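Participant: Give me a model of this one.
(chains A and B)
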Amino acid sequence: MDPMFLAYSYFRRRKYQKCEEICSQLLEKNPYDQGAWSLKTRALTGQVYVDEVDVDEEGIAEMVMDDNAIATVARPGTSLRKPGTGQGMPSQGVRPMTNSGRPVSGFVRPGTQSGRPGTMEQAIKTPRTSHTARPVTSASGRYVRLGTASMLSSPDGPFINLARLNFSKYASRPNLAKALFEYIFHHENDVRNALELASQATEQCKFDDWWWKVQLAKCYYRLGMFREAEKQLKSAIKQQEMVDSFLYLGKVYVRLDQPLTAVEIYKQGLEKFPGETTLLTGIARIHEGLNELDDAVKFYKDVLHYDNMHVEAIACIATHHFYTDQPEIALKFYRQWRLLQMGVYNTELFNNLGLCCFYAQQYDMTLTCFERALSMADDQTLADVWFNIGHVALGIGDMNLAYQCFRMSLASNNDHADAYNNLGVLELRRGHIEEARAFFQAAFVLAPHMYEPHYNFAALADQLGDLQSSYNAVKRAVDAYDGHIDSKELLQQLKQHFSLL
Amino acid sequence: MSLFKTRDWWSVGVGEEEEFDFGCLTVGNIDNSSDDLGKYNLSQSDMTSHSIRYTHNTDSTTGIKAFDLLETVAMSDNGTSPSELCQARSVTESNQLAVLHPRKLAVYSIKAISGTVEHGQQYQIQLLYEHNLQRTTYNFCYGPFGGVKGKDFICVQSMDGTVSFFEQESFAFCRFLPGALLPGPISYIPRLDSFVIVSSSWQAESYKYQSLASAAESPGVNETQNIKSGKKVVADWTFSLGEPALDIYVMSGIQTSQQFFVFPGERNIFCLSEGGVLKYMSKMEYDPTCFCPYASLAEGTINYMVATTTNSLMVCQDVTLKWAAKLEHVPVQIKVANFQDLKGCIVTLSDDGHLQCSYLGTDPAIFIPPSTEARELNYQAMDLEMSKLQKKIREKAHKSVITPNLKTDDDLQLSVQANQQLDDISVSMIRTLDRDSLYYVFLFQITVKSKTLIENIQIDIHTNWPLASSQYSYEIPSLESGKSTELSVKYYIKGHSLPCNLVSEVTARYLNAVGAPRIVTAKVKLPLKLIVRPVYPMKNAEYKLTIDTNKPPVNLNDIFPDLLGENAGGAGAALGFQFFGGPTVTILASKTSQRYRIQCDQFEAMWLPLKELVERMSSYLNRGKSGDFKPSFDGSLPLQEYFELIEAHFEYRMNSVKCKEMLGQRSSQFRVIQRRLLTKFKDKTPSPLQNLDTLLEGTYRQLLALAEAIEDNDHAQNVTSNNLSSGTYLLNYLIKLWLDLSEEEFNILTAAITPRVNDNDQHGWEEMVDAAVTHLLRTVLAKTAKDTAINPSPLTIPNDTSKVKKHLALFCDRLGKGARLVEGLRGKNLVVQAPVSVSDINSSSGQMIWILP
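Facilitator: Residues are numbered from 1 along each chain as shown, chains lettered A, B, ... in the order given. Now for the predicted structure:
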């Protein structure tokens, strides 16, 4: 058997490790075997390949030192930084928010959990517990980890010494250059050298290969030069319309905080490639980011029309139904999802199922679902599961169980603000005013974006006669959620009281 | 990943310990039987096998019962057979089998001979012809090249990208494809008479057969396979795919003869028209392993199947997913075959040789989630356990969670003894801050003794600045039960400041046998000699304190035998101590009355000598007898002096806040300038900097200066904190002597007016003491019921110290008027209410273990 053939066969079957071993042996015998060399770069890339469209992690530095924003004070609904009030979305009282002021999403993607703090000071002060570690810049963070992972796979040091590579030689050989570029970009994570290679290669092919333009844009994007990336991508699309080009261009516009243009781009892509789920999902994600949940769900439904096994779409639609008071429909989606056996068998799913069952009044299923959720939960999710069980206990009026569940939640996650808030309410019911106060205080210190603890604290302070702190707290509550009637009433009442004095 | 699974119709394991790859499976009417339905299913092994296998699937009268016949024909060839198989027509117009070996192309014919028994037919395999090749082969395609009728020619691609053409039994010619590095898929389109390949530069290229054939340098007799060079062949059209393709398929529409190509890539599926124009593409969100387009049901669309690495088989029409089913294996190749009684059967071959014929159905893919914990429910026992646990919870619920409970049986014992003599060697080692003064170093022995085997004991030594120890932490890898180990640590003074206490804490952390973290703390009292040296007493001083006792006066020389220095021969009525680099404190003993006076130019410096004096006197006078020595104080409390200390400390705090604010402003200014500069530099047309660079540098200098100022301020604040701490100790002690407080009351007092001055960003000493004192004033010291309303103000830094001073004065006033701290007060509440900072929790008196929750 020809070893080269065997290596190629392993590569085809995605047995990259074996392929790489054979290539290494071949290269030892003949270091100038270009075929083996190229195959080895491809095998090494294949081991660490992550689709660049999906990788998006904004570090603190990117967020704060962002000089690409068009307008600092954007009109409502045109910026991801200031999500609009949103028409027809469930109110905050029904659907909880993340601290960026966006409703929680049904599907965790890079970027959904993060908020955009306004200033550097705020960014650094964001509570940095073990659960919300945010890298300082995206140049550290995940990419560094990717880089070290690639080091691990080759213990004798890097396979190619990039510093000694003659880029112009390789750029003129398109059959080697493309694989080499992917190797440098994905495996070595050396964007600067990748850019060097790409720019020389695109020159060599007289600027008529769209692929190199897209690769250039990828490099520019990584380096934070979004305008250059935009230019390259537009040129690439003009030359040859490809799905990836549209996706990258949309991503660039999202980064430039021009969600509407991004949607435009995706729609343009859809005209050429009708029914492309990745483009549809892109639009849906932007609508979700802009708080336009109805539109988001519309596009997620379109996604399902073309790919009815799309987990993200199912999850987001289910979450939407759950929070718009249709737990039965949500339950259906989750069930289908579960029945579909999408490889999804995890805490989150069972937790959601349990909650849906509870609200759909299928009490018999509720506890078993939660039991399963608990059996699979890790530290991160355990707190949430216990919190939800506590919620169910509240619903059936078992205050003791609820109390203990919330305590369990706190035991696994010390910073669970919702649990603190609910414990406060329970303590208040028991008449332990001081404890209740302390719990509310803890809750709103941990999660200033939640309006509930602010209001609870205000109401309690008001009853105790501490009008000043009540006023302060209720003002914070109104800031956090300006549609809360009770807070507004309390504020009105306090203002009246003060003016009487 | 899917709702349904494929229904198994027939399956067989092919080969043993063999590996199969794409190209090992082909489906066709191999024995050229007349009826169109009886198609055959042939698979061929790869890699290690020396044989061709083909399986025959015939059916008896009943459709379901099928005879599976598996025949193995040993190949005479030495090599293994890496490649695919097709129907290659030779001279006759019947189907033949072409097999590509590493260096050989062989064509076989297979004949069926009906058997005599029920078990069907026998097959005979016969080699028709073979070509020996010079290069390692990769794949091949066949077709009527050049438009010949009724014949198929074969084109073999080798590993280095050379294509060789064989016109049946004869070799035609051989060409290099331009830019070939690794071979890609190749396909022949009869309509256009051209070849489509995907090259290593990840683009689809089309070559006309004519141009390939005519590119020959010297057509004629000397054409051999062994070519070294060739003319460059020009592609008909190219299309950049941007990724390697797995295969190429040529599809044609139902009505029109228009053909198009499907390129399944690693990440996308591309569909190109005849002229190399992209019709559509679809991004796959999974890893495909193989692909099989099978039909075009509506005009302009293609139906295809994709198998993924996650065991699923997806059936799509263009970009729409139509069906998904779960497969049992990850296939390397899929084909659709028509059998006599099952049309459109899906034939899959997996990597390890599992050949399966299946069809789609609605059998659910049964996935049984692992049961959580299947144990017999015993309700009685559960009730019992539940009530037990409930009881426990109820018991615990009464106690506050944050107060840890004391436990006396600790596994580790920690004791610290002073080594009596001074450590002479290290005296010289310590750098002296004052040239003329001598600094002492005291050596202490820490003894660690354990009852059980303990591993990884961490010992930390904490002293308050300006005292320092030679080592701050030790680590004992393991300590056997009953054994003890000794560590030595040296204490000395470091830095110019008044120490506020002479206590050092030695803390041992370890995990006990259960795995719970435990802490043992021991306190060390350091000798006074560490911080003062004897000097001549001073007559006059600014601040004086007089202490009364109930015992006749004592000779001070007897009390301070170790600190006499030059006063050794004196009458013992006056002693002077000087803090290293600090003020001098004079202790005077009255000859007639039972009074002692302490005087000094600095108020807070009197604390440690006073404490030392009282302690030494009580131990001296109570020697042998029951302790009835009692000091008292009846002057007025030195509140004014104390308030000055607070003022000084607060000023530095305000200063620090101001500096930090300024630093924040400057740094944001710095960033704004940086941003402006960056925009200017990034601009295509360079514009003048407008002195922004000067501004940047200026701001940078300001930043550095501010940072230095903050550092200086911090240092000064530390000194004042220490002074304030000493002052607070002194004040508390004086209040104790003045009112003769019990130990319990004194504890409350020190918890309220805490001598631990520990400033951080969130809250400082002033507001903490203010809150605590206010609380005491509102609770135990309240005069009327009206005062008792509790409304704790938030702990924020106040604007000035007037409030805390007012409250402290009021507090002392109420105490002086006879209010007590304990009556009607739940002790526990006070502890909870008093702001407890982290350092407070760590340092409680005595040896104790903290049970961490």
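Participant: which residues sit in contact with the closest residue to A:Ala236 other than its chain neighbours?
Facilitator: In this structure, A:Ala236 finds its nearest non-sequential neighbour in A:Lys213, 3.8 Å apart by C-beta to C-beta, 6 or more residues apart in numbering or on different chains. All C-beta spots, glycine's among them, are computed from the backbone N, C-alpha and C. Going by C-beta atoms under 8 Å, 6 or more residues apart in numbering or on different chains, A:Lys213 touches A:202, A:207, A:232-233, A:235-236, A:239.
Participant: Could you point out the longest helix of chain B?
Facilitator: What stands out as the longest helix in chain B, according to DSSP state H, is helix B:692-739.
Participant: Over to stretch A:350-366 now: how far is its first residue from its last?
Facilitator: End-to-end distance of stretch A:350-366 (C-alpha to C-alpha, to the nearest Å): 9 Å.
Participant: oh sorry, the question was meant for stretch B:190-202
Facilitator: Terminal residues of stretch B:190-202 are spaced 24 Å apart (C-alpha to C-alpha).
Participant: rewinding a little: narrow the contacts of A:Lys213 to just the buried residues.
Facilitator: In the contacts of A:Lys213, burial by neighbour count holds for A:202, A:232-233, A:235-236, A:239, counting by 16 or more other C-beta atoms under 10 Å in any protein chain shown.
Participant: will you turn the residues you listed into TSV that also has pLDDT and secondary structure?
Facilitator: Listed next are the buried ones among the contacts of A:Lys213 as TSV, based on pLDDT from 0 to 100; DSSP: H, G, I helix; E, B strand; the rest coil:
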residue	pLDDT	secondary structure
A:Thr202	89	helix
A:Gln232	92	helix
A:Leu233	93	helix
A:Ser235	93	helix
A:Ala236	92	helix
A:Gln239	89	helix
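Participant: Determine which two of the residues you listed are furthest apart.
Facilitator: A:Thr202 and A:Leu233 (12.9 Å; C-beta to C-beta).
Participant: how deep is the residue nearest to B:Thr586 when sequence neighbours are not counted tucked in, by neighbour count?
Facilitator: In this structure, B:Thr586 finds its nearest non-sequential neighbour in B:Pro537, 4.3 Å apart by C-beta to C-beta, 6+ apart. B:Pro537 has 20 neighbouring residues, counting by other C-beta atoms under 10 Å in any protein chain shown.
Participant: in a strand, that's where B:Pro537 is, yeah?
Facilitator: No - going by DSSP: H, G, I helix; E, B strand; the rest coil, the assignment for B:Pro537 is coil, not a strand.
Participant: tell me the contacts of it?
Facilitator: B:567, B:574-576, B:586-588.
Participant: what about it, distance to chain A?
Facilitator: Noted for B:Pro537: a distance of 53 Å to chain A, by C-beta to the nearest C-beta, to the nearest Å.
Participant: what pLDDT does that residue get?
Facilitator: Looking at B:Pro537, its pLDDT stands at 83.
Participant: picking that back up, can you put the buried ones among the contacts of A:Lys213 in JSON lines and add distance to A:Ala473?
Facilitator: What follows is the buried ones among the contacts of A:Lys213, written out as JSON lines (distance: C-beta to C-beta, whole Å):
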{"residue": "A:Thr202", "distance to A:Ala473": "59"}
{"residue": "A:Gln232", "distance to A:Ala473": "51"}
{"residue": "A:Leu233", "distance to A:Ala473": "49"}
{"residue": "A:Ser235", "distance to A:Ala473": "55"}
{"residue": "A:Ala236", "distance to A:Ala473": "54"}
{"residue": "A:Gln239", "distance to A:Ala473": "59"}
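Participant: close enough to count as contact, A:Gln34 and B:Ala180?
Facilitator: No - applying C-beta atoms under 8 Å as the test, A:Gln34 and B:Ala180 come out as separate, 10.5 Å apart.
Participant: So the two - more neighbours on which side?
Facilitator: B:Ala180 (21 against 15).
Participant: A:Pro174 is in contact with the more buried one, correct?
Facilitator: No - at 11.7 Å, B:Ala180 and A:Pro174 do not qualify as touching, with contact defined as C-beta under 8 Å.
Participant: how about the strands in the stretch 201-350 of chain B?
Facilitator: B:203-208, B:237-240, B:249-252, B:259-264, B:268-273, B:278-283, B:288-295, B:303-308, B:312-317, B:320-326, B:331-337, B:345-350 (DSSP state E, counting those that start in this stretch).
Participant: Find the one among those strands with the highest mean neighbour count.
Facilitator: Most buried of the strands of the stretch 201-350 of chain B, by mean neighbour count (mean count of other C-beta atoms under 10 Å in any protein chain shown): strand B:345-350, with a mean of 24.
Participant: Report whether it contacts chain A.
Facilitator: No - on the criterion C-beta under 8 Å from any C-beta of the partner chain, strand B:345-350 is out of touch with chain A, staying 10.3 Å away.
Participant: Thanks a lot, see you next time.
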